[in-house]
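Undergrad: structure of the sequence below:
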Amino acid sequence: MLDCDFLGDGQAINRNMSIEKTVGVVAGAGPFAGLDLMAKILEQTSARKDQDHLAIVSLSLPAAIPDRTEFLLDRSAVNPAHAIVEQLLLLEKMGAHVAGIPCNSAHAAAIFDEVLSQLKDAGCRIMVLHMVKEVLRHLQTYYPHVSRVGVLSTIGTYRARLYPQLLEPAGIHVVTLDPEFQEQMIHPAIYDPVYGIKSCGAATEWATERLLAGGHILQERGAQAVILGCTEIPLAIRERTVAGMIVIDPTLILARALVEVANPKKLKPWI
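TA: Residues are numbered from 1 along each chain as shown. Sure, this is the predicted structure:
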């Protein structure tokens, strides 16, 4: 592995190391989000031929990773961190130097901090980027005028206050939906076994209508941008703006961060 410090904070990682790094993806949390991250890594890489693309190793072992929201809601005692760590260790053995987890709720402190702790104990040298910290860096870099952002997410990410805890100390106010609307409209758009994005792998009209309704409420409450705070939501909302708000796609931001760490010269400009 590379001679570098183990770090979980993407902002602290040296992004200018000369050796091109192999990217690892924990792709089963969830499976369609894993595919989306892979595609966005390719899309954000400046390449003229196959051989110019980054080396990526991906593991999609979804059955091994317990549901993150169920754990955050205390409906499961099994911390998904254990399975995530096992897969990160496998990715390191496969040659990955830097890795991403395309799941917002996996970055809640109760899960992500345990991931970092176990990796450190195991002597793992892989860099694990923190998706939400990368979102903050992206906002500060490209949208410094944005001071109020809305969040669409699972109920687990909502109750863990994942985005407020990281963005508000940086001066970005996070606008949220009422708990009832969150539970009855937004969470089912992701998790419903028939019409939800997780089960379909794509947006149904039923799910999209609920997500857009939530977006309009956030805009009415003063949000200038909306964070798609579940990695399944970008499968439904692909526009760059919604209800006059800038769309912030954490999967896309994570993809760009992974490319930047792997080889900054291959990162396409942000347009």
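
Undergrad: make it CA atoms for all contacts and neighbour counts henceforth
TA: OK.

Undergrad: the strand or helix carrying residue 116 packs against which elements?
TA: For residue 116, the enclosing helix or strand under DSSP states H and E is helix 109-121. With contacts defined as 3 or more CA pairs under 8 Å, 6 or more residues apart in numbering; DSSP states H and E, helix 109-121 has these neighbours: helix 81-93.

Undergrad: so which elements touch the helix it packs on?
TA: strand 23-26, strand 56-59, helix 109-121.

Undergrad: neighbours around residue 193, how many?
TA: Residue 193 has 12 neighbours, counted by other CA atoms under 10 Å.

Undergrad: and for residue 74?
TA: 11.

Undergrad: what's the spacing between it and residue 256?
TA: Separation of residue 74 from residue 256 (CA to CA, to the nearest Å): 33 Å.

Undergrad: do the same with residue 162
TA: Applying CA to CA to residue 162 and residue 256 gives a distance of 21 Å.

Undergrad: the two: which has the busier surroundings?
TA: Ranked by neighbour count (other CA under 10 Å), residue 162 and residue 256 place residue 256 first, with 27 against 19.

Undergrad: element containing the more buried one?
TA: helix 250-262.

Undergrad: so which residues of the chain form strands?
TA: Assigned by DSSP state E, the chain shows strands spanning 23-26, 56-59, 98-100, 127-128, 148-152, 173-175, 225-228, 241-242, 245-248.

Undergrad: mind putting those into a markdown table with mean neighbour count and mean pLDDT?
TA: Shown next, in a markdown table, are the strands of the chain (neighbours: other CA atoms under 10 Å; pLDDT from 0 to 100):
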| stretch | mean neighbour count | mean pLDDT |
| --- | --- | --- |
| strand 23-26 | 28 | 98 |
| strand 56-59 | 20 | 98 |
| strand 98-100 | 26 | 98 |
| strand 127-128 | 26 | 98 |
| strand 148-152 | 25 | 98 |
| strand 173-175 | 21 | 98 |
| strand 225-228 | 25 | 98 |
| strand 241-242 | 14 | 95 |
| strand 245-248 | 21 | 98 |
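
Undergrad: so which of the ones you listed comes closest to residue 158?
TA: strand 148-152 (8.3 Å; CA to CA).

Undergrad: how far off centre is that closest one?
TA: Centroid separation for strand 148-152 versus its chain: 15 Å, with CA atoms, centre = their mean, to the nearest Å.

Undergrad: remind me which residues of the stretch 101-250 of the chain are low pLDDT?
TA: By pLDDT under 70, the stretch 101-250 of the chain has no low-scoring segment.

Undergrad: quick one: the helices in it, in order.
TA: 109-121, 131-142, 155-160, 162-167, 179-181, 187-191, 197-200, 205-220, 250-262 (DSSP state H, counting those that start in this stretch).

Undergrad: and the ones you listed, which is most packed in?
TA: helix 250-262 (a mean of 26; mean count of other CA atoms under 10 Å).

Undergrad: what's the angle from that one to helix 131-142?
TA: 80 degrees (axes from the mean of the first three to the mean of the last three CA atoms, to 10 degrees).

Undergrad: residues touching helix 250-262, excluding its own?
TA: Among residues not part of helix 250-262, those counted as contacts by CA atoms under 8 Å, 6 or more residues apart in numbering are 10, 13-16, 20-23, 33, 36-38, 40-41, 44-45, 54, 98-100, 102, 129, 131-132, 134-135, 138, 227-229, 231, 234, 266-267.

Undergrad: surely residue 164 meets residue 171?
TA: No - in this structure residue 164 lies outside contact range of residue 171 using CA atoms under 8 Å: 10.1 Å.

Undergrad: out of everything not next to it in sequence, what's closest to residue 91?
TA: Leaving aside its chain neighbours, residue 91 sits nearest to residue 24 (6.0 Å; criterion: CA to CA, 6 or more residues apart in numbering).

Undergrad: how about residue 235?
TA: residue 202 (5.7 Å).
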